[in-house]
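Undergrad: my questions are about this predicted structure, shown below with the sequence.
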Amino acid sequence: MSATVIGASAIAIGFQALSEPLRIKILELLRSQEMCVCDLCEQLDNISQSKLSFHLKTLKDAGLVKSRQEGRWIYYRLNLAKFMELEQYLSEYRRFSPILPVRSCPE
């Protein structure tokens, strides 16, 4: 699955969302269960809800997390399909790119 099939901008947005350490921590917490914002805030040393919401929106816009509302609470979970797309994109390099010897530049 090449970037043209998935969309180069979707690939870039996904990896850009993964480039922030706090967002990685959020994803690590969501690996085991879906969580609401209040639980995530508590697990992340009581960061502000506005800061957390900003990062959750970035992850959601990138397709890495999904949300559902239950009453007044919003619960977040991983969107494993998006992780599989990014994984498949990276695996293309391993599978289809020849490993060539290093060429020396002419002096």
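TA: Happy to help now that I have it.
Undergrad: pLDDT below threshold where in the protein?
TA: Flagging of the chain using pLDDT under 70 yields the residue ranges 1-6, 96-102, 107.
Undergrad: biggest helix in it by residues?
TA: Under DSSP state H, the helix in the chain containing the largest number of residues is helix 80-96.
Undergrad: show me what it is packed up against.
TA: Helices and strands touching helix 80-96, by 3 or more Cβ pairs under 8 Å, 6 or more residues apart in numbering; DSSP states H and E, are helix 3-6, helix 8-17. (Each C-beta comes from the backbone N, C-alpha and C, glycine too.)
Undergrad: same thing but at 10 Å, please
TA: Under the contact definition 3 or more Cβ pairs under 10 Å, 6 or more residues apart in numbering; DSSP states H and E, helix 80-96 sits against helix 3-6, helix 8-17, strand 65-70.
Undergrad: in JSON lines, list the ones you listed along with mean neighbour count and distance to residue 45.
TA: Supplementary listing: the helices and strands packed on helix 80-96 in JSON lines, determined by neighbours: other Cβ atoms under 10 Å; distance: least, Cβ to Cβ, whole Å:
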{"stretch": "helix 3-6", "mean neighbour count": "12", "distance to residue 45": "35"}
{"stretch": "helix 8-17", "mean neighbour count": "15", "distance to residue 45": "21"}
{"stretch": "strand 65-70", "mean neighbour count": "14", "distance to residue 45": "20"}
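Undergrad: can you redo the ones you listed as JSON lines with distance to residue 32?
TA: Conversion of the helices and strands packed on helix 80-96 to JSON lines gives the following (distance: least, Cβ to Cβ, whole Å):
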{"stretch": "helix 3-6", "distance to residue 32": "27"}
{"stretch": "helix 8-17", "distance to residue 32": "20"}
{"stretch": "strand 65-70", "distance to residue 32": "14"}
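Undergrad: quick one, which of these gets closest to residue 39.
TA: For the helices and strands packed on helix 80-96, distance to residue 39 was read as Cβ to Cβ. The smallest value, 12.9 Å, belongs to strand 65-70.
Undergrad: many thanks, have a good one.
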